[in-house]
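> Structure, please.
(2 chains)
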Amino acid sequence: MSAAAARIAALRRARPRDLFLRASLLAFAALAVYSWSAGDFSLADLFSERRLANLRSFVAEEVIPRPLRDGDPATTLGAWVRTQWTDEPGDRIAAGRGAAATLGISVLAIVLSWLAMLIFAPFGARSLMICDPYVPNTRHSRWCHAFWNLIAGLTRLGAVLLRAVPEYVWAFLLLAMLGPNAWPPVLALAIHNSGILTRLGADTIENLPPGPLRALRSLGADRRQLAAVAVFPAALPRFLLYFFYRFETCVREATVLGMLGVVSLGYYVMEARSAFRYDELMFLVLVGAGLVLAADVVSGLVRRRVRGA
Amino acid sequence: MGRRGWTLLAIAAAGVLAYLALGLSLDQLIPRAGGLQIARDFFAAALTPALTYEAADLPAGIGPFLLKVLDALRITVVFAAAAMTLALLIGLPLGCLASESWWQGRGRAGGAIRWTVRGFVIGLRSVHELFWAVLFLAAFGLSPATGVLAIAIPYGGTLAKVFSEMLDEAPRRAADALEGLGASPSQRFLFGLLPAAAPDLAAYAFYRFECSVRAAAVLGFFGIPTLGYHLKLSFENLHYGEVWTYLYAMIALVLLLEAWSSRLRRRFVA
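Below is the predicted model:
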C-alpha cells in the first residue's frame, strides 16, 4: 500500500463517527419502512380509476372560477374576484374579511405571547435563577440551590406543556368554553407560542455574554435590576427576531384555525367546501397562501434589519 | 424615547389595533352558562385522566382503553413518519436545486432554474397542511394517503427552503479544496458541501419530524384515525377524562421526540 493510500485509510478510520446519530438514522429508517408497510396508505390507491375520475373533474371543472367555466359573458373574472373578496348579501363568502380577521388574530396572538415571554423567560434562565447570579465561586445551602432550580425547572416544564399541544387542539377546547368569537384562536396561538417563546427567550438569556452582567452585579445590582437594566436590553434584538419568526407561523396557523367555526380564512374555506363550491375554496386557499407569503416577506425584511442593527 | 422604546410601543400598538379590529371585549373571556360548565368539568378532569372507558354501554369485544390510546399514538407516528419520508424525497432534491452552491460553476442558465424551483417551493409551503388536506379531500375523496400527502407537500417545501439555506451556509473549505483539485461542480457539491451540511440537515429533519407528529395528530380532526380523531370524539361525548389521557399521551410523545432531536442538535450543531 502506498503512503498516500495508507494515509487515506487512516483518515477514514479516524473520521468522526457518532453512535447516537447512526442509531437515530437507523431508527428513523426502520420507522419509515414500518410506517409504509403498516399504514394503510397506498399511493397507488390515489390513482385508481374512481379517484382519477374524481381528480379529473376537480381539476378540469370544479376549481375553475365559475365565469370562466360557464363562459358566461355577463360576469367577468374581475367581477367574480371582487364578489369573492367583498361582503355580499346572502351566503356568499368574503375573502377580504377572512384575510383581515386572520391577520388580526395572528397579530394579537403574537403580541400576547411575546409579552408572556418577557415575563416568564427570565424565570426559565438558569443563569439568573441561581442563589447568587453572575457571582463566580460562591457557596450556598443545598436548599437555596434546590429552590432556584425548582423555579427554573417549573417554568421550563410549563413552557414545554404549553407547546406540546398543537394550536388547533387548544382552539378546539377553548371554542367549546368561550363560544364562537375570536378569542379561542387568539388564545390558542398565544398559549402555544408562549411556550415556544419562553423556551427560546430563556435560552437566549442563558447565552448572554456574562461580562457586563458580572460587572453590574459586582457594583451591587440585585437580580431584578440585572434583569431590567442589563439582561432585557441585551436580549432585545434576539427577542425581536423571535417575535417575527413566530409571527410567520402565527399567520400560517391562523389561516386554518377558522375551520373550527370562528371567522378566519379557514371558516370560509369550510363553508365553500360544504357547499361544494370548489372554485371559491381554491380562491380562498390562494388568498391564504398570499397572506402567508406576505407575512414571510415582511418578517424576512424586518429580521434582516434587526440583525443588521 | 429611544429606538428601543419606539419598538416596544409599536408592538403594543399593533396588539391594541388587532384587538379593536377583531371587535373583541374582555368579558368574552369569561365563559357563560354552558361554556362555564364545560370549562369546570374539563379542568376538574385534568388530575384524573381516564384509565378505562368512560362510556357506560360499551360495544362487545372492545379492547382496553389504554391500548386504544397507544394504538392512536402508533398511528399518529406512522402517519408522521410516512409523511416525513415523502417530504424528504421532495425536500432534498428541491433543496439542492434551490441552493446557490449547486449552480456554482454551471453556467448562467442555473439562475433561472434556481429561481423557478424557489418559487415552486414557496408555493408548496405557503399553503397550510390542513388546506392541502381539504383540497385533497375534494380532489381524491377521503383516503389515508391524502392525509400523508397533505403533510408531505408543505413539509417538503419547508425542508427544501431550509436545506437550501443550510447548504449555502455550510463551511466551504472542503468544497473549495476539491475544486482546486479539479473536481466537477457535482463532485464538489456532493463530496465537499453535502457532508459538511449533513449534520445540520439531519438535525433539522428530526425537528420537522416532531412537528409532523403534531400535524398528524391534528389531521385526525378530518377523519383520519390519528390522535386528534379520538380526542375530538371523546370531547364531544363529554368524556373529559379520556381527553386528558389523549392530551397527556401526546405531550409525552412530543417530549420524547423533542429530547431526542435536541440531543442530536446539541451534538452536531454548535
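
> May I have the predicted confidence score for residue 30?
Picking chain A for this. At residue A:30, the pLDDT value in this model is 93.

> um, chain B though
84.

> And the residue of chain A closest to chain B?
Distances between chain A and chain B by C-beta to the nearest C-beta are smallest at residue A:111, namely 3.3 Å. (C-beta placed from N, C-alpha, C; glycine too.)

> what residues are up against that residue?
B:11-12, B:14-15, B:18 (C-beta atoms under 8 Å, 6 or more residues apart in numbering or on different chains).

> Give me the buried positions along stretch A:48-67.
By neighbour count on 16 or more other C-beta atoms under 10 Å in any protein chain shown, the buried set for stretch A:48-67 is A:51, A:54-55, A:58, A:62-63, A:65, A:67.

> One more: stretch B:138-146?
Of the residues in stretch B:138-146, B:138-140, B:143-146 count as buried by neighbour count, 16+ other C-beta under 10 Å.

> cool, and stretch A:117-126?
Neighbour-count burial for stretch A:117-126 [16+ other C-beta under 10 Å]: A:117-118, A:120-126.

> Give me the distance from that stretch to the chain's centre.
20 Å (C-alpha atoms, centre = their mean, to the nearest Å).

> Show me what counts as buried in stretch A:180-192.
A:181-192.

> Any regions of the chain where pLDDT drops low?
Using chain A. A:1, A:70-75, A:87-93, A:309 (pLDDT under 70).

> wait, chain B
B:1, B:267-270.

> can you give me the strands for it?
Ranges of strands in chain B, per DSSP state E: none exist.

> Name the nearest residue to the closest residue to chain A within it, ignoring sequence neighbours.
Chain A sits closest to residue B:15 of chain B, with a gap of 3.3 Å, by C-beta to the nearest C-beta. Distance criterion C-beta to C-beta, 6 or more residues apart in numbering or on different chains; nearest residue to residue B:15, sequence neighbours excluded, is residue A:111 at 3.3 Å.

> element containing that neighbour?
Here residue A:111 sits within helix A:95-124, counting by DSSP states H and E.

> In the helix or strand following that helix, which residues are buried?
As assigned by DSSP H and E, the chain's next helix or strand after helix A:95-124 is helix A:142-164. Applying a neighbour-count criterion of 16+ other C-beta under 10 Å, one finds A:148, A:151-152, A:155-156, A:158-164 buried in helix A:142-164.

> follow-up on the earlier one: show me the contacts of residue A:111 that map onto helices.
With DSSP state H as the criterion, helices contain B:11-12, B:14-15, B:18 from among those.

> Let me see the contact set for residue B:228.
A:168-169, B:217-221.

> Next up, the contacts around the closest residue to it other than its chain neighbours.
Once flanking residues are discounted, residue B:228 sits nearest to residue B:220: 2.8 Å by C-beta to C-beta, 6+ apart. Applying C-beta under 8 Å, 6+ apart, we find residue B:220 in contact with B:76, B:226-232.

> what separates residue B:220 from residue B:159, distance-wise?
Separation of residue B:220 from residue B:159 (C-beta to C-beta, to the nearest Å) stands at 23 Å.

> Run a quick neighbour tally on residue A:250.
30 (other C-beta atoms under 10 Å in any protein chain shown).

> Now do the same contact list for it.
With C-beta under 8 Å, 6+ apart, residue A:250 has these contacts: A:105-107, A:109-110, A:189, A:193.

> Looking at the residues you listed, which one is closest to residue A:137?
Taking C-beta to C-beta as the measure, residue A:137 lies nearest residue A:193 of these, at 38.3 Å.

> Nearest residue to the closest one in space, please, no chain neighbours.
residue A:113 (3.8 Å).

> Was I right to think the one you found contacts residue A:186?
No - in this structure residue A:113 lies outside contact range of residue A:186 using C-beta atoms under 8 Å: 10.0 Å.

> the domain parsing of the chain - what is it?
Let's take chain A. For chain A, the domain assignment from automatic domain parsing gives the residue ranges A:3-39, A:55-84, A:95-308.

> that's the wrong chain, I meant chain B
B:1-30, B:65-268.

> Deepest-packed of those domains, please.
domain B:65-268 (a mean of 20; mean count of other C-beta atoms under 10 Å in any protein chain shown).

> Which stretches in the stretch 101-250 of chain B count as helices?
B:109-126, B:129-140, B:144-169, B:173-180, B:185-187, B:194-219, B:227-236, B:240-268 (DSSP state H, counting those that start in this stretch).

> Using CSV, lay out those together with distance to residue A:16.
Converted to CSV, the helices of the stretch 101-250 of chain B look like this (distance: least, C-beta to C-beta, whole Å):
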stretch, distance to residue A:16
helix B:109-126, 31
helix B:129-140, 36
helix B:144-169, 18
helix B:173-180, 13
helix B:185-187, 21
helix B:194-219, 9
helix B:227-236, 38
helix B:240-268, 10
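
> Quick one: closest of those to residue A:132.
helix B:240-268 (27.1 Å).

> phi, psi of residue B:223?
phi 100, psi 0 (degrees, to the nearest 10).

> Can you verify my assumption that it contacts residue B:142?
Yes - using C-beta under 8 Å, residue B:223 is in contact with residue B:142, at 5.9 Å.

> residue contacts, the residue nearest to the spatial centre of chain A?
The centre of chain A sits closest to residue A:249, judged by C-alpha atoms, centre = their mean, with a distance of 3.7 Å. Taking C-beta under 8 Å, 6+ apart, we find residue A:249 in contact with residue A:193.

> quick one: it and residue A:242, what's the gap?
11 Å.

> that older thread, and the residue nearest to residue A:193, how far is that from residue B:171?
35 Å.

> doesn't residue A:200 make contact with residue A:124?
No - assessed by C-beta under 8 Å, residue A:124 is found out of contact with residue A:200, at 9.9 Å.

> which parts of the stretch 1-150 of chain A sit against chain B?
A:18, A:20-21, A:24-25, A:28, A:31-32, A:34-36, A:38-43, A:45-46, A:50-51, A:54-55, A:58-59, A:62, A:100-101, A:103-105, A:107-108, A:111-112, A:114 (C-beta under 8 Å from any C-beta of the partner chain).

> go with 7 Å
Counting by C-beta under 7 Å from any C-beta of the partner chain, the residues of the stretch 1-150 of chain A lying close to chain B are A:18, A:20-21, A:24-25, A:31-32, A:35-36, A:38-43, A:45-46, A:51, A:54-55, A:58, A:100-101, A:104-105, A:107-108, A:111-112, A:114.

> need the helices for the stretch 151-300 of chain A, in chain order.
With DSSP H, counting those that start in this stretch as the criterion, the stretch 151-300 of chain A has helices spanning A:167-178, A:183-206, A:210-218, A:223-225, A:232-257, A:265-274, A:278-308.

> just to revisit the earlier point, biggest separation within the buried residues of stretch B:138-146, which pair?
B:138 and B:144 (16.4 Å).

> okay, now the residue nearest to residue A:98 when sequence neighbours are not counted: neighbour count?
Closest residue in space to residue A:98, ignoring its immediate chain neighbours: residue A:265 at 4.1 Å, by C-beta to C-beta, 6+ apart. Neighbour count of residue A:265, defined by other C-beta under 10 Å: 31.

> I'd guessed residue A:265 sits against residue A:99; true?
Yes - with contact defined as C-beta atoms under 7 Å, residue A:265 counts as touching residue A:99 (6.2 Å).
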